[in-house]
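sequence first, predicted coordinates after that:
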Amino acid sequence: MADNKAKLTIAETSVDLDVLSPTLGSKVIDIRTLGSKGYYTYDPGFTSTASCESKITFIDGDNGILLHRGFPIGQLATESTYLEVCYILLYGEAPTQEQYDKFKTTVTRHTMIHEQITRLFHGFRRDSHPMAVLCGVTGALAAFYHDALDVSNPVHRDITAYRLLSKMPTVAAMCYKYSIGQPFVYPKNDLSYAGNFLHMMFATPCEEYVVNPVLERAMDRIFILHADHEQNASTSTVRTAGSSGANPFACIAAGIASLWGPAHGGANEACLRMLEEIKTVEHIPEFIKRAKDKNDSFRLMGFGHRVYKNYDPRATVMRETCHEVLKELNLNDSLLEVAMELERIALNDPYFIEKKLYPNVDFYSGIILKALGIPSNMFTVIFAIARTIGWIAHWNEMHEDGLKIARPRQLYTGYDEREFKSEIKKK
Ligand code: ACO
């Protein structure tokens, strides 16, 4: 049989299926005709299912490769800026100087949010988790940018992309300021994307914040390293929400909700908490033992990945950046010592070797963010700022390719049909 054809035989029935060839990566069996033959495939967590066609990001988890529009993440992290990566993700090509300047100016011009949104914040408790506030406020943006928005119009989608990209750092910094009871700080458009975010986080009306270029670069790198990651849980959520033609701000809010979980974007916060709990290198063996114990729900946070069965290429850059930041700030963080020793021990432990569990992007990011003065409950918020561009790029691609509403099937294991007899007295 030709390698572009597959045959599935079930009892007397056989179904011919096409085998699709990607530019890179594993071949994909096209099962779209199976449903009409009375069969569905069963794949909880979609570990073997390609839910869409995409040209944005490629991951080879076995070899630790991550490409955005073909460009390796290591090169992007060291030789580009976050906004350049955003342009690449959105439009597919690296920008010329002229295109970049125009893009940057447009993104910069949309950084303010509608003044009425500031009032929305006051409906939240001050001790709310910032992800809860970010999710709520981002969803509420739909109420401000809905009526005139036609998602089938590429120009409208472009404007939406700019708005989301520009406003997300403003909303995120407001979440922080609100939680500590400080006044909101307006964006300053002569600063870089990362510099402006740090300014909105740390300036006060009575004190100017001078952006340190090393920290600004570290922040920018964190944004780059989290910008996109193929069809992960939050991106798939945005696509699923958007597949009905829903408002993009509401779709991004759905992505934020999915990102929040500790198995996804919440891992960096959980990882720092774990390092703080371990405290000193002497306690590491105890935690390694717990991570390996089937009866203990504890997992080594920042370790393991659904796709990477090798060192996460983003973790390598994150580790270098961590050293740069601590050196610049002249900090001797004992958590870095714990992290490095934990990594060394785990990478030499048969349990982690056999299960191919390597440090992921979140393993070092918490230490950097902590050094920047960012509280741990803001870590996932920062991930959300960075990932917004990935979500928009995928949402946009889905619209370009033509909407098909997401509607998975199921393996039903509930009751057979049965008679209903109510035991409730009716008035
Ligand atoms: N510590 C200890 N054991 C682990 C870990 C870990 N961090 N991760 C996986 N394992 C074990 C599992 O217990 C399982 O063992 P088993 O085969 O004996 O049952 C095996 O490795 C496979 O684990 P799964 O959960 O089936 O792998 P999956 O691909 O579904 O999960 C995940 C990936 C969720 C990331 C997992 O590795 C994990 O929970 N890691 C910790 C949380 C984390 O760092 N998440 C961030 C991911 S990166 C991101 O979202 C940006």
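Here it is on my side, so go on. Residues are numbered from 1 along each chain as shown.

from here on, contacts and neighbour counts on C-alpha atoms
OK.

now do T81, the pLDDT please.
Looking at T81, its pLDDT stands at 97.

and it, its phi and psi?
phi -110, psi 170 (degrees, to the nearest 10).

can you count the residues close to it?
18 (other C-alpha atoms under 10 Å).

residues contacting it?
Contact analysis of T81 by C-alpha atoms under 8 Å, 6 or more residues apart in numbering lists D220, R221, I224.

test for you: state the pLDDT assigned to the second one.
The predicted structure scores R221 at 97 on the pLDDT scale.

mind listing what's buried in stretch 120-132?
Using 16 or more other C-alpha atoms under 10 Å as the test for burial, stretch 120-132 gives F121, F124, R126, H129, P130, M131, A132.

phi, psi of the third one?
Yep, that's R126 we're talking about. Per degrees, to the nearest 10, the backbone of R126 is at phi -70, psi -30.

quick one, what contacts it?
Contacts of R126 by C-alpha under 8 Å, 6+ apart are Y178, S179, I180, G181.

and if we set it to 6 Å?
R126 sits next to S179 when contact means C-alpha atoms under 6 Å, 6 or more residues apart in numbering.

quick check: it vs the ligand, distance?
27 Å (C-alpha to the nearest ligand atom, to the nearest Å).

give the buried residues for the longest strand seen in the chain.
Using DSSP state E, we find that the single longest strand of the chain is strand 13-20. For strand 13-20, the neighbour count (16+ other C-alpha under 10 Å) marks L17, D18, V19 as buried.

same for that strand, what does it pack against?
strand 5-10, strand 28-30 (3 or more C-alpha pairs under 6 Å, 6 or more residues apart in numbering; DSSP states H and E).

V28 pairs with what?
L20 (DSSP bridges).

how many residues are close by it?
Considering only other C-alpha under 10 Å, V28 is surrounded by 15 other residues.

now do it, the pLDDT please.
pLDDT at V28 comes out at 97.

switch to numbering from 36
Happy to do that; since the first residue is 36 now, the last one works out to V63.

pretty sure it contacts L52?
No. The pair V63 and L52 fails to qualify as a contact (C-alpha atoms under 6 Å) at a distance of 10.3 Å.

stretch 449-462: end-to-end distance?
31 Å (C-alpha to C-alpha, to the nearest Å).

so what touches that stretch?
So stretch 449-462 is contacted by nothing (C-alpha under 6 Å, 6+ apart).

next one: it to chain centre, how far?
Stretch 449-462 sits 44 Å away from the centroid of its parent chain (C-alpha atoms, centre = their mean, to the nearest Å).

what does the stretch 236-385 of the chain have sitting close to the ligand?
Taking C-alpha under 6 Å from any ligand atom as the measure of proximity, the stretch 236-385 of the chain contacts the ligand at 298-300, 302, 326-327, 334-341.

now those residues as JSON lines including distance to A207, pLDDT and secondary structure?
Below are those laid out as JSON lines (distance: C-alpha to C-alpha, whole Å; pLDDT from 0 to 100; DSSP: H, G, I helix; E, B strand; the rest coil):
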{"residue": "A298", "distance to A207": "21", "pLDDT": "86", "secondary structure": "coil"}
{"residue": "H299", "distance to A207": "19", "pLDDT": "87", "secondary structure": "coil"}
{"residue": "G300", "distance to A207": "15", "pLDDT": "87", "secondary structure": "coil"}
{"residue": "A302", "distance to A207": "18", "pLDDT": "84", "secondary structure": "helix"}
{"residue": "A326", "distance to A207": "33", "pLDDT": "95", "secondary structure": "helix"}
{"residue": "K327", "distance to A207": "36", "pLDDT": "94", "secondary structure": "helix"}
{"residue": "R334", "distance to A207": "29", "pLDDT": "92", "secondary structure": "coil"}
{"residue": "L335", "distance to A207": "28", "pLDDT": "93", "secondary structure": "coil"}
{"residue": "M336", "distance to A207": "24", "pLDDT": "92", "secondary structure": "coil"}
{"residue": "G337", "distance to A207": "23", "pLDDT": "89", "secondary structure": "coil"}
{"residue": "F338", "distance to A207": "27", "pLDDT": "90", "secondary structure": "strand"}
{"residue": "G339", "distance to A207": "28", "pLDDT": "91", "secondary structure": "coil"}
{"residue": "H340", "distance to A207": "26", "pLDDT": "89", "secondary structure": "coil"}
{"residue": "R341", "distance to A207": "28", "pLDDT": "85", "secondary structure": "coil"}
